[in-house]
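*Asks:* Here is my input; please provide its structure:
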Amino acid sequence: QVRLVESGGGLVKPGGSLRLSCAASGFAFSSYAMSWYRQGPGKERELVANTTNIGVGTNYADSVKGRFTISRDNAKNTLYLQMNSLKPEDTAVYYCNARYSIQDHWGQGTQVTVSS
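*Replies:* A predicted model of the protein is given here:
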């Protein structure tokens, strides 16, 4: 059974940091490109960052470049998102996504709230 379980969300003040994790199981994690998406209140889901199956290539949304870092540990079947200098507009539910060919898997999401 494919599972993607996000963790690490919470309430943080502007300028603070959080590290999200996505634990994967039930599929060949190291074969899949991995991404983080987010959906803010009243907004559409958007791509935050993605990485290739071996973590060599990464892409970021312009809004998070220089503040967020995506990484993965294929030995631990885990995807990470280090978020620094957080802003109120980063408030959203953050989702982990795994994609390979026509296979497309999603986690349930973790809430990140940036507020003073």
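
*Asks:* what are the bridge partners for the spatially most central residue of the chain, then?
*Replies:* In the chain, the C-alpha closest to the average C-alpha coordinate belongs to residue 36, at a distance of 3.0 Å (CA atoms, centre = their mean). Applying DSSP bridges to residue 36 yields these beta-bridge partners: residue 49, residue 96.

*Asks:* Make sure it is actually in contact with residue 50.
*Replies:* Yes. The pair residue 36 and residue 50 passes the contact test of CB atoms under 8 Å, sitting 7.4 Å apart. C-beta: built from backbone N, CA, C; applies to glycine.

*Asks:* what sits in contact with each of these two?
*Replies:* Shared contacts of residue 36 and residue 50, defined by CB atoms under 8 Å, 6 or more residues apart in numbering, are found at residue 70.

*Asks:* List the contacts of the residue nearest to the centre of the chain.
*Replies:* For residue 36, counting by CB under 8 Å, 6+ apart, the contacting residues are 20, 22, 47-50, 70, 79, 81, 94-97.
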